[in-house]
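>>> Would you be able to build a 3D model of this:
(2 chains)
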Amino acid sequence: ETGVTQTPRHLVMGMTNKKSLKCEQHLGHNAMYWYKQSAKKPLELMFVYNFKEQTENNSVPSRFSPECPNSSHLFLHLHTLQPEDSALYLCASSQGQGQDQPQHFGDGTRLSIL
Amino acid sequence: QQQVKQSPQSLIVQKGGISIINCAYENTAFDYFPWYQQFPGKGPALLIAIRPDVSEKKEGRFTISFNKSAKQFSLHIMDSQPGDSATYFCAASRAYKLSFGAGTTVTVRA
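Purely as a prediction, here's the structure:
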């Protein structure tokens, strides 16, 4: 059972659609993260929020727009995506942003762009 | 630029055997080295982690060996079981920023 819940689990969308991914953490953590996982490639950090404030944008294209209304919820708004954006999108959370604050991952949203 | 290089990409081991996964890094500023285990359809889960001032850490059947001078670290899975079949990722971090290896898919045959 995961303390980080992601919805939907699967999403198929066209390149002109607009959709959103949702992440909710039930662990009382203060930091939340979006990662992109593509086959045979390392996980790529996309965005980081700490106490609702964005602290990292890892040169992510503007067609990905994150939103963090509170420390428990994180969204990733998607628009005008490209086929190469098809991947597993993982959300994670941690108590803080120090060395001994492990990141807990959700099970991801599998995104397919037609 | 891939900051953490992981090998092999995949391995097959017999039940009861030893699985060994190797990782190498370049950035000497990294100060925390976790390993994550990921099952199909699930997110990565923290398995074991080590700091660079320690050369070895063991938790159950899982052991991390760390060589600071060589900038290498490895995961050993002793007495491998079919339930250990998963993808394993090494990572290196400075503060909250994790740099992951590309993963190793381990298959344990009964």
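>>> switch to C-alpha atoms for all contacts and neighbour counts from now on
Will do.
>>> looking at the chain, which helix or strand is least sure?
All of this refers to chain A. When the helices and strands of chain A are scored by mean pLDDT, DSSP states H and E, strand A:53-57 comes last with a mean of 92.
>>> Correction: the question concerned chain B.
Result, chain B / mean pLDDT, DSSP H and E: strand B:97-100, a mean of 92.
>>> Just checking: what are the partner strands of that strand?
Here strand B:97-100 is paired, per DSSP bridges, with strand B:86-94 (antiparallel).
>>> which other residues reach the partner strand?
Outside strand B:86-94, the residues that touch it by CA atoms under 8 Å, 6 or more residues apart in numbering or on different chains are A:99, B:4, B:6, B:23, B:25, B:29-40, B:98-107.
>>> Show me the strands in chain B, by range?
B:4-7, B:10-14, B:19-25, B:33-38, B:45-50, B:56-59, B:62-67, B:72-77, B:86-94, B:97-100, B:104-109 (DSSP state E).
>>> May I see the ones you listed organised as JSON lines, with mean neighbour count added?
Shown next, in JSON lines, are the strands of chain B (neighbours: other CA atoms under 10 Å in any protein chain shown):
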{"stretch": "strand B:4-7", "mean neighbour count": "20"}
{"stretch": "strand B:10-14", "mean neighbour count": "15"}
{"stretch": "strand B:19-25", "mean neighbour count": "20"}
{"stretch": "strand B:33-38", "mean neighbour count": "20"}
{"stretch": "strand B:45-50", "mean neighbour count": "19"}
{"stretch": "strand B:56-59", "mean neighbour count": "14"}
{"stretch": "strand B:62-67", "mean neighbour count": "19"}
{"stretch": "strand B:72-77", "mean neighbour count": "20"}
{"stretch": "strand B:86-94", "mean neighbour count": "23"}
{"stretch": "strand B:97-100", "mean neighbour count": "21"}
{"stretch": "strand B:104-109", "mean neighbour count": "20"}
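>>> for the ones you listed, which one sits closest to A:Ser112?
strand B:33-38 (20.6 Å; CA to CA).
>>> Show me what the closest one packs onto, helices and strands only.
strand B:45-50, strand B:86-94 (3 or more CA pairs under 8 Å, 6 or more residues apart in numbering or on different chains; DSSP states H and E).
>>> Extract the CA atoms of it and return them as CSV.
What follows is strand B:33-38, C-alpha atoms only, in CSV (Å, rounded to 0.1, in the frame of the first residue of the first chain):
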residue,chain,number,x,y,z
PHE,B,33,23.6,6.8,-2.2
PRO,B,34,20.2,5.0,-2.2
TRP,B,35,19.1,1.9,-4.0
TYR,B,36,15.5,1.6,-5.2
GLN,B,37,13.5,-1.5,-6.1
GLN,B,38,10.7,-1.3,-8.6
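>>> Quick check: bridge partners of residue 25?
Because you didn't say which chain, this covers chain A. In beta-bridge terms (that is, DSSP bridges), A:Gln25 pairs with A:Val4.
>>> Let me rephrase: I mean chain B.
Here B:Tyr25, judged by DSSP bridges, has bridge partners B:Val4.
>>> residues contacting it?
B:Gln3, B:Val4, B:Lys5, B:Lys71, B:Gln72, B:Ala92.
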